[in-house]
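Enquirer: make a model of this:
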Amino acid sequence: MKDTPHLAGIRLHPIKSLDGVQVPECRIGPGGGLELDRVWALCSPDGEGIYGKNTAAMHLVRAGFAPDLGAVTLSTASDRRHVPAQTFAFPSGFTAAAEWFSAYLAQRVVVRYAAEGYPDDTIRNGPLVVSTATLQAVADWFPEIDLEESRRRFRSSLEIGGTCAFWEDRLFREQETDAVPFSVGDVRMAGTNPCPRCAVPARHSQSGVEMTGFQKRFSELRQAHYPSWARAPGRIGHFYHLGINTRVAPAEHGKVLRVGDVVINLRADP
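Expert: So this is what the prediction gives:
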């Protein structure tokens, strides 16, 4: 499998903005993303989202999941906002978990649950795809970041092994209507667009400490290493992007992805 594109990792983020968990297999959920991915989301009573990008204290919350994902233990490393660790049923315990988050953030928090999840992009509803080699390339650019920290910062759902860096840039074209079909095992997807990034990758995933100049340096290096075979520069307004958003048709819902599944680009591209 070393030189064959394959699914090298599946990472769920069951609570939006919090820790990911690696799993050996996962179904496509009812919304087109991964089952149990981002199915809890925090917001204020008026509906404004509470995420890592707008609430830096979220970086200090640890979410530890049971092996079957049936429970989550929430804890915090914050000395200023310490609340005792507590375990909740998952995903059914969202109402009780809201009390824990309210105590930690010192404001009223509502935790919403939806089986279809709360993706950042409801139109490009599929899992975010990136290659292991891409994440390693980013780690090589920044001595402060190792491969695992690169994974935590960029929060991709599907990691593709057996490829060169930026292999996933094959999966989009000049027009989004000209989506690139590909398959991961039995699951068909369509690559739609490069994923623009927010402030989160510039911060240490577990402390929230920001790396000065990260976005500028990342963009410069991303442009310098942009693959010569990538054919859609017109889709890129800036180079602060990494990974490819996807769409998954309803016919694929319920199908299972497994680590080791072969990835096939269904269009005759390089």
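Enquirer: need the three-state assignment for the closest residue to Ser207 other than its chain neighbours.
Expert: Ranked by Cβ to Cβ, 6 or more residues apart in numbering and with sequence neighbours excluded, the top spatial neighbour of Ser207 is His59, at 6.3 Å. The way it works is simple: take the backbone N, C-alpha and C, and place the C-beta from them, glycine included. His59 falls in the helix class when you classify it by DSSP: H, G, I helix; E, B strand; the rest coil.
Enquirer: what are the boundaries of the helices in the stretch 101-250 of the chain?
Expert: For the stretch 101-250 of the chain, helices defined by DSSP state H, counting those that start in this stretch occupy the ranges 132-141, 147-154, 214-224.
Enquirer: now the longest one: average pLDDT?
Expert: Read it as helix 214-224. Over the span of helix 214-224, the pLDDT mean works out to 96.
Enquirer: below-threshold pLDDT in the stretch 1-150 of the chain: ranges please.
Expert: Within the stretch 1-150 of the chain, the segments meeting pLDDT under 70 span 1-2, 79-80.
Enquirer: sorry, back to before: relative to Ser156, how far out is the residue nearest to Ser207?
Expert: Distance of His59 to Ser156, computed by Cβ to Cβ, to the nearest Å: 18 Å.
Enquirer: higher neighbour count, the two?
Expert: Using other Cβ atoms under 10 Å, the more surrounded residue of His59 and Ser156 is Ser156, with 27 against 20.
Enquirer: sorry, back to before: my guess is the residue nearest to Ser207 meets His204, correct?
Expert: Yes. Under the criterion of Cβ atoms under 8 Å, His59 lies in contact with His204, with a separation of 7.3 Å.
Enquirer: how far is stretch 252-266 from where the chain is centred?
Expert: On the basis of Cα atoms, centre = their mean, to the nearest Å, stretch 252-266 sits 17 Å off its chain's mean C-alpha point.
Enquirer: contacts for that stretch next, please.
Expert: The set of residues external to stretch 252-266 that reach it, using Cβ atoms under 8 Å, 6 or more residues apart in numbering, is 1, 4-10, 24-30, 32, 34, 158, 160, 170-171, 180-189.
Enquirer: now those: which count as buried?
Expert: Neighbour-count burial (16 or more other Cβ atoms under 10 Å) applied to the contacts of stretch 252-266 gives 5-10, 26, 28-29, 32, 34, 158, 160, 170-171, 180, 182, 184-185, 187-189.
Enquirer: show me the domain layout of this structure.
Expert: As assigned by automatic domain parsing, the chain contains the domains 6-33+120-265, 40-113.
Enquirer: out of those, which one sits most buried?
Expert: Ranked by average neighbour count under the criterion mean count of other Cβ atoms under 10 Å, the domains of the chain are headed by domain 6-33+120-265 at a mean of 18.
Enquirer: still on that earlier bit, pull the contacting residues for the residue nearest to Ser207.
Expert: His59 sits next to Gly52, Arg203, His204, Ser205, Gln206, Ser207, Gly208 when contact means Cβ under 8 Å, 6+ apart.
Enquirer: that older thread, distance to Pro119 for the helices of the stretch 101-250 of the chain - can I get that in TSV?
Expert: Putting the helices of the stretch 101-250 of the chain into TSV (distance: least, Cβ to Cβ, whole Å) gives the following:
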stretch	distance to Pro119
helix 132-141	20
helix 147-154	16
helix 214-224	23
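Enquirer: mind checking which of those helices is nearest Gly20?
Expert: Each of the helices of the stretch 101-250 of the chain was checked against Gly20 via Cβ to Cβ, and the shortest separation belongs to helix 147-154, namely 6.9 Å.
Enquirer: in strands, which of the contacts of stretch 252-266 appear?
Expert: 6-10, 25-27, 158, 160, 180-184, 187-189 (DSSP state E).
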